[in-house]
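Q: Fold the following, please.
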Amino acid sequence: MSPSVNQVEVVLALASKKLPLLSNITRHDINNQFLALNGFLKLLQKQAPDPALEDYFTRITKASSRISAMVQFTKEYEEIGVHAPTWQDVRAQVDAAGKSASHDQISLANEIPSVSEVLTDPLIVKVLYNLMDNAVWHGGKITTIRFSVEERNGDHIVVCEDDGDGIPADEKEKIFERGYGKNTGLELALSREVLAITCITIRETGKAGKGAWFEMRVPKGAWRLTGKGE
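A: This is a model prediction of the structure:
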């Protein structure tokens with residue numbers, strides 16, 4: 001006898017609850033193994049201080065860090081679209097992301113009007129954090145990260161710019177691919193998918209050597225000024 005539609009729905013609902021739990025348990029176990037791996041690696045370095053092996057230790061450490069980042073990415077990826085899009089205060093979210101990003105020696109200029117809101121996934125704060133963190137770690141000698149907004153053809157463009165090294169022309173699209181670049185490339189890939197939920201696009205349009213320039217295009221209807229209508 002074939003299962004009824006209701007039975008199938010019950011099974012699917014149960015599976016949807018169990019899969020995230022299984023993923024969380026698996027990530028927890030993997031992270032514990034990483035702690036052990038990195039601990040033994042440090043002990044080995046101390047007991048075998050051979051300069052000829054230093055390059056291997058460095059490679060192993062980098063590989064471990066990349067795998068750990070991939071595991072973290074699976075957790076963040078699962079959260080995309082879990083909550084319905086809501087109106088987010090863009091300026092406040094930039095400030096919140098700035099407090100978490102590592103930029104002690106870098107000035108954060110938030111020029112977005114305080115009355116600006118965008119309809120997006122709540123993970124927008126993660127997108128903003130990723131842009132700042134990416135600039136800090138891969139932009140070279142940066143002194144300033146600036147957020148601003150401008151209007152073009154009815155759309156609003158949220159800009160994140162810095163005065164670092166910039167991105168070569170042949171890498172402007174590749175940086176959004178998973179696994180590309182100086183790190184895993186997962187952060188920008190994640191950011192693009194979070195924004196796409198409400199049809200917000202992101203691209204890099206800066207000039208190499210003159211800093212990075214990320215543009216997030218918010219379509220008409222997904223941007224409003226609080227207290228002043230859309």
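Q: what's the closest non-adjacent residue to residue 107?
A: Spatial nearest neighbour of residue 107, chain neighbours left out: residue 144 (4.7 Å); criterion: CB to CB, 6 or more residues apart in numbering. Where C-beta positions appear, they are placed from N, C-alpha and C, glycine not excepted.
Q: swap in residue 201?
A: In space, residue 201 comes closest to residue 217 once its chain neighbours are excluded; the distance is 4.8 Å by CB to CB, 6+ apart.
Q: burial of residue 90, as a residue count?
A: Neighbouring residues of residue 90 were enumerated by other CB atoms under 10 Å; the total is 26.
Q: dump the residue contacts of it.
A: 112, 116, 117, 118, 124, 149, 158 (CB atoms under 8 Å, 6 or more residues apart in numbering).
Q: Contacts for stretch 29-46 next, please.
A: 57, 60, 61, 64, 67, 68, 71.
Q: ok but residue 158 is inside a strand, no?
A: Yes. Secondary structure of residue 158 (DSSP: H, G, I helix; E, B strand; the rest coil): part of a strand.
Q: isn't it right up against residue 113?
A: No. Counting by CB atoms under 8 Å, residue 158 does not reach residue 113; the two are 11.3 Å apart.
Q: Which neighbours do these two have in common?
A: Residues touching both residue 158 and residue 113 (CB under 8 Å, 6+ apart): residue 149.
Q: Neighbour count for these two, which is higher?
A: Neighbour tally, residue 158 and residue 113, criterion other CB under 10 Å: the higher count belongs to residue 158, 26 against 11.
Q: all helices of the protein, in order?
A: With DSSP state H, the ranges of helices along the chain come out as 5-47, 54-78, 90-100, 124-138, 186-196.
Q: check contacts around residue 111.
A: 146, 147, 148, 149.
Q: among the contacts of residue 90, which are in strands?
A: 116, 117, 118, 149, 158 (DSSP state E).
Q: ok, how many other residues are close to residue 30?
A: Around residue 30 sit 14 other residues, with neighbours defined as other CB under 10 Å.
Q: ok, it to residue 154 distance?
A: 46 Å (CB to CB, to the nearest Å).
Q: what does residue 142 give?
A: Computed as CB to CB, the residue 142 to residue 154 distance reads 32 Å.
Q: Could you check which of the two has the larger neighbour count?
A: residue 142 (20 against 9).
Q: Quick check: that one touching residue 136?
A: Yes. Between residue 142 and residue 136 a contact is recorded at 6.8 Å, counting by CB under 8 Å.
Q: Next, show the common contact partners of these two.
A: Here residue 142 and residue 136 share the contacting residues residue 106, scored by CB under 8 Å, 6+ apart.
Q: Low-confidence ranges, this protein, go.
A: For the chain, applying pLDDT under 70 flags the ranges 1-25, 66, 69-70, 72-82, 102-104, 179-186, 227-230.
Q: Now do the domain split for it, please.
A: Domain assignment of the chain by automatic domain parsing yields the ranges 5-78, 86-225.
Q: Quickly compare these and say which is most buried.
A: Of all those, domain 86-225 has the most neighbours on average by mean count of other CB atoms under 10 Å, namely a mean of 17.
Q: hey, C-alpha coordinates of stretch 134-150 in PDB?
A: Extracted in PDB, the C-alpha atoms of stretch 134-150 (Å, rounded to 0.1, in the frame of the first residue of the first chain):
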ATOM      1  CA  ASN A 134      37.300  40.900   3.700                       C
ATOM      2  CA  ALA A 135      38.700  44.400   3.300                       C
ATOM      3  CA  VAL A 136      40.600  44.200   6.600                       C
ATOM      4  CA  TRP A 137      42.300  40.900   5.800                       C
ATOM      5  CA  HIS A 138      42.800  41.100   2.000                       C
ATOM      6  CA  GLY A 139      42.800  44.800   1.100                       C
ATOM      7  CA  GLY A 140      46.400  45.600   2.100                       C
ATOM      8  CA  LYS A 141      47.200  48.900   3.900                       C
ATOM      9  CA  ILE A 142      43.700  50.100   4.400                       C
ATOM     10  CA  THR A 143      42.900  53.200   6.500                       C
ATOM     11  CA  THR A 144      39.200  53.700   5.800                       C
ATOM     12  CA  ILE A 145      36.100  51.600   5.000                       C
ATOM     13  CA  ARG A 146      33.200  53.800   4.000                       C
ATOM     14  CA  PHE A 147      29.500  53.000   3.600                       C
ATOM     15  CA  SER A 148      27.200  55.300   1.600                       C
ATOM     16  CA  VAL A 149      24.100  55.200  -0.600                       C
ATOM     17  CA  GLU A 150      23.100  56.700  -3.900                       C
END
